[in-house]
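Novice: here is my input, please return the structure:
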Amino acid sequence: MPLISGCEQSGLFHAFSHHVIHRLGIEQEVASNEEKLRVTLLSRSTTYRKILNEDQLIKALKATDEFQITKVDFNWNTKFEDQLQITWNTDILIGIHGAGLTHVLFLPDWSAVFEIYNCEDPGCYHDLSRLRGVRYFTWEKPSKVKPQDKGNHPTEGAHAKFTNYEFDPREFVRIVRKAAEHVRNHPLWQQLHPKTVRHNEL
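Specialist: Sure, this is the predicted structure:
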């Protein structure tokens, strides 16, 4: 997707997102615990680009007691409206490079997306996040991610999109916390959670 340098927070993308959410009757739910950010982890039932240690990463996040975590697989069995209900009630969306990350279009304005690994395609969801106007994060330390193998494209040979990956839990939590800091400092999130903001200030 070619973009003019610096193009971000597209009014067209914002209007499209909110129009779809409104017309389908998707609503913000009252959080059961306002101090915990809502994290949605996109799981994949595909052959490639699976997170091999998903459960370990979720366990590491739960240990912080800072997040309410939902693991989902947005496949054809899940109605689109049900997918949007989850996305619209997500503060931090996490997923490996793949079509599920197009849900960045339907995240709340204050949210963040963490493309845990871009599989050597750095612009795709970064650009989409910029146009939607949500903060984008991705993996920062190549030494702390381990591919299952070199990947095997049917015609092109070794390929980063045709394998699965394992991630260092501590590094994972570190980046999620960076995303959380963005969310908690966003003015719209603070407007919706004034008690939490006051509590943190104290």
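
Novice: can you tell me how far the residue positioned nearest the centre of the chain sits from Asn77?
Specialist: Using CA atoms, centre = their mean, the residue of the chain that lies closest to the mean C-alpha position is Leu93, 2.2 Å off. Distance check for Leu93 against Asn77: by CB to CB, to the nearest Å, it reads 20 Å. C-beta: built from backbone N, CA, C; applies to glycine.

Novice: got it, and Ser129?
Specialist: 27 Å.

Novice: Tyr136 and Thr196: what is the separation?
Specialist: When Tyr136 is compared with Thr196 (using CB to CB), they lie 24 Å apart.

Novice: check Phe13 too.
Specialist: From Phe13 to Thr196 the distance is 28 Å (CB to CB).

Novice: and for Tyr117?
Specialist: Counting by CB to CB - Tyr117 and Thr196 are separated by 31 Å.

Novice: what helix or strand does Cys119 sit in?
Specialist: Under DSSP states H and E, no helix or strand contains Cys119.

Novice: what's the pLDDT at Cys7?
Specialist: The model reports Cys7 with a pLDDT of 71.

Novice: just checking, it touches Leu131?
Specialist: Yes. Cys7 lies in contact with Leu131 (CB atoms under 8 Å); the separation is 7.0 Å.

Novice: neighbour count: those two, which is higher?
Specialist: Just comparing Cys7 and Leu131: by other CB atoms under 10 Å the higher neighbour count belongs to Leu131, 19 against 11.

Novice: the more buried one in helix, strand or coil?
Specialist: Classification of Leu131 using DSSP: H, G, I helix; E, B strand; the rest coil returns helix.

Novice: contacting residues for it?
Specialist: Counting by CB atoms under 8 Å, 6 or more residues apart in numbering, Leu131 touches 3, 7-10, 13.

Novice: Arg130 too?
Specialist: 3, 7-9, 136.

Novice: mind giving me the PyMOL select for those, buried ones only?
Specialist: The buried subset of the contacts of Arg130, as determined by 16 or more other CB atoms under 10 Å, is captured in PyMOL by this line:
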select buried, resi 136
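
Novice: show me the helices in the chain, by range?
Specialist: 11-23, 54-64, 80-88, 124-132, 169-185, 187-192, 194-201 (DSSP state H).

Novice: quickly, which of these bottoms out on average pLDDT?
Specialist: helix 194-201 has the lowest average pLDDT among the helices of the chain, namely a mean of 62.

Novice: about what we covered before: more neighbours: Ser129 and Asn77, which one.
Specialist: Ser129 (24 against 8).
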